[in-house]
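Participant: Return a 3D structure for these sequence lines:
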Amino acid sequence: MSFASQGFCPEIVRAVAECGYEKMTPVQRRAIPAARKGRDILANAQTGTGKTAAFALPILQQLADSPKTTRKFNCRALVLAPTRELAAQIGANAAAYAKYLDLSIATIYGGVKMASQTKALQQGVDLLIATPGRLLEHIAEGNIAMGSVEHVVLDEADRMLDMGFAGELKRLFSLVPAQRQTMLFSATYPPAMKQLCKQSLSNPVEVAVAEQNSTADTVSHVLYPADDERKLELLSELIGRKNWRQVMVFCNYKETADNVVKELNLNGLPTVVCHGDKNQSSRRRALAEFKEGKARILVATDVAARGLDIIGLPYVVNFDVPFLAEDYVHRIGRTGRAGQRGHAVSLVGRDEELSIAQIEQLIGQHIHRITQAGYEVADRNNLLHDVRNKKRYVNKQGRRNNASEDRSNSQSAAEKSLRARKKR
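Facilitator: Next comes the predicted model:
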C-alpha cells in the first residue's frame, strides 16, 4: 500500500518519497486511515516500525487541509516525547515530511537555553514537539499556551510513565481543549497505561502490530554468564575477537558507563559515551562520531534507549541487565529495525539471573545461553531453577529504574540540583 493511496497531498507524497519511503509499514497501514479521519488512536508498536510517520503525516495533512494563521505563543498540534533525543528525532522527521508545506514546526526540550526556544514560539507554530518538563517550563513563563491545540500525540507513553511524568501529563491534558484528536503510541502496555488511556482517549481505534511487550522477530537474543569483575574483559574480547564493528552498550549507571568507555579505549577500541552528565552538544557529537564510524562503540545509559535512530545498527549489548524488564524491549529496539537483522547480547552476573527470568517471561521466549571459553562461572543450575519456579522469585517485582536522569533533561535547576546527589 502506497502513501499516495491514502489521499495525502502531492507535497507530502513528494517529501515522503524523498525520505526513501516506498510502501507503508504495518503500523502505518493500520493507523493512518483512522488518524486521517480524526479518530483517537491507541497503538502498540515497537520502535523501528515507522510509527513517527504514522502519526505525523495525518496531522500534517489535517493542518494543511485547514490552514489557519497561528496565534502568538500558541500551537495547533502537540507531540510529547520522553527524552530530548527522541524529541529531536521526531522534529527532524516532521520537518522532512513538511518540506514542501507552508507549516511551521518547533522542537523544545531541556539541556539548551530557553531563549532561542522562546523566540521560535513567539509567532506561534503549527506543530510543536516537546518533552513534558520543558513544555511546562515554557507554559509557566507564558511562552506557550495550549488553548489552540487540535491534535495531541504521546509517543512512547510507557516510557513517560516509567520516568514519573504521570502528573505532568495529567496537568497538560487539563490545559488542552477537550475537543481534540489524541494519539498514544507505546511499545509496552504496563498497568498504569490503562489509567492514562482512560484520561486522555475517547473511543480510540486500537492498533497492534505485535504482541504486547514483544520484541522484533528480526532480533536474535543471547546471553553470556559472567562474573561481575570480568564483564569488562569479556566485553572487550567479544567485540575484538568477533570483530563487531558497530556496537551500542547499555549500562545502568553513569559511573559504570564512564569506566567502560575508559577501559575500551585503553584496549584500542574507539568508544564514546552518552549519558545525563553530558551536555546536549557532547551527546550529539558522540552520536555523530558513532554514526560516521569514527567511534566503534557507543556506551549509554537508558537516557539514550529511546529516540536514537541508527540505521543498520547490528549489535546492542546489555553490560548491565536493566532493572525493569520492559527496558530490555526498549534497549534492544535500537537494533533489528526496518526489517534488518540485529543481535541483542547480555552479560549476566549471578545477581542478574532473576531479571533475566523476568525478561524471558515478558518477551515470551527463552534467551540462548552461551558460555565463553575462559569465562566459565560457578554452576548456576540450582539458582536458575529457583528463579523460574519458586513463588518467592516468580512473583517478585523487578526493581524499578531510577528515572531521575531522564527527567532532569527537562526540569528546573532546583530539581536538577536535588537529583544530582542521587546515583544513576
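
Participant: Relative to Ile370, how far out is Leu234?
Facilitator: Counting by C-beta to C-beta, to the nearest Å, the separation of Leu234 from Ile370 is 11 Å. Every C-beta, even on glycine, is put in place using the N, C-alpha and C of the backbone.

Participant: Revised request: answer the last question for Lys294.
Facilitator: Looking at Lys294 against Ile370, where the rule is C-beta to C-beta, the gap reads 30 Å.

Participant: related to what we said a few turns ago, more neighbours, Leu234 and Ile370?
Facilitator: When Leu234 and Ile370 are compared for neighbours, Leu234 comes out ahead with 18 against 12, by other C-beta atoms under 10 Å.

Participant: Tell me which residues touch that one, please.
Facilitator: Each residue near Leu234 by C-beta atoms under 8 Å, 6 or more residues apart in numbering is listed here: 224, 226, 347, 372, 375.

Participant: re the thing from before, can you list residues touching both of Leu234 and Ile370?
Facilitator: Tyr224.

Participant: which residues in the protein form strands?
Facilitator: Applying DSSP state E to the chain gives strands spanning 41-44, 75-80, 105-108, 125-130, 151-155, 181-186, 205-208, 219-225, 247-250, 271-274, 297-300, 315-318, 342-348, 368-369.

Participant: by contact count, what packs against the fourth one?
Facilitator: Right, the one you point to is strand 125-130. helix 51-65, strand 75-80, helix 84-97, strand 105-108 (3 or more C-beta pairs under 8 Å, 6 or more residues apart in numbering; DSSP states H and E).

Participant: what pairs with it, and is each one parallel or antiparallel?
Facilitator: Using DSSP bridges, the strands paired with strand 125-130 are strand 75-80 (parallel), strand 105-108 (parallel).

Participant: my read: Asp158 touches Ala187, true?
Facilitator: Yes. Contact status for Asp158 versus Ala187: in contact at 6.4 Å, counting by C-beta atoms under 8 Å.

Participant: list residues touching both of these two?
Facilitator: In terms of C-beta under 8 Å, 6+ apart, Asp158 and Ala187 are both contacted by the residues Glu326.

Participant: if we can go back for a sec, do you know which of the strands paired with strand 125-130 lies nearest Asp258?
Facilitator: strand 105-108 (28.6 Å; C-beta to C-beta).

Participant: Give me the below-cutoff pLDDT ranges for the stretch 101-250 of the chain.
Facilitator: Filtered on pLDDT under 70, the stretch 101-250 of the chain yields the residue ranges 210-216.

Participant: Pick the one among the contacts of Leu234 closest to Ile129.
Facilitator: Relative to Ile129, the closest of those is Leu347; by C-beta to C-beta it sits at 35.2 Å.

Participant: Number of residues surrounding the closest one?
Facilitator: Using other C-beta under 10 Å, Leu347 is surrounded by 24 other residues.

Participant: so His343 makes contact with Asn318?
Facilitator: No. Judged on C-beta under 8 Å, His343 makes no contact with Asn318 at a distance of 11.6 Å.

Participant: Who has more neighbours out of the two?
Facilitator: The residue with more neighbours, out of His343 and Asn318, is Asn318; 24 against 18, by other C-beta under 10 Å.

Participant: which of the strands paired with strand 125-130 sits most buried?
Facilitator: Ranked by mean neighbour count under mean count of other C-beta atoms under 10 Å, the strands paired with strand 125-130 are led by strand 75-80, which reaches a mean of 26.

Participant: coming back round to it: could you say which one of the strands paired with strand 125-130 comes nearest to Gly276?
Facilitator: Closest among the strands paired with strand 125-130, using C-beta to C-beta: strand 105-108, at 18.3 Å.

Participant: Please work out which of the helices and strands packed on strand 125-130 is packed deepest.
Facilitator: Looking across these with neighbours counted as mean count of other C-beta under 10 Å, the highest average goes to strand 75-80: a mean of 26.

Participant: which residues sit against it?
Facilitator: Defining contact as C-beta under 8 Å, 6+ apart, one finds that strand 75-80 is touched by 55-56, 59, 63, 68, 70, 87, 90, 94, 106, 121, 124-132, 135, 144, 146, 148-155, 160, 169, 172, 176.

Participant: Do me a favour and average the pLDDT over that strand.
Facilitator: Confidence over strand 75-80 (mean pLDDT, whole number) is 97.

Participant: how big is the angle separating it from strand 181-186?
Facilitator: In this structure, strand 75-80 runs at an angle of 20 degrees to strand 181-186, with axes from the mean of the first three to the mean of the last three C-alpha atoms, to 10 degrees as the basis.

Participant: Tell me how many other residues crowd Pro191.
Facilitator: 7.

Participant: This protein - how does it break down into domains?
Facilitator: In the domain annotation for the chain, the residue ranges read 4-208, 219-404 (automatic domain parsing).

Participant: So what's the gap between the shortest one and the chain middle?
Facilitator: Using C-alpha atoms, centre = their mean, to the nearest Å, the distance from the centre of domain 219-404 to the centre of the chain it belongs to is 16 Å.
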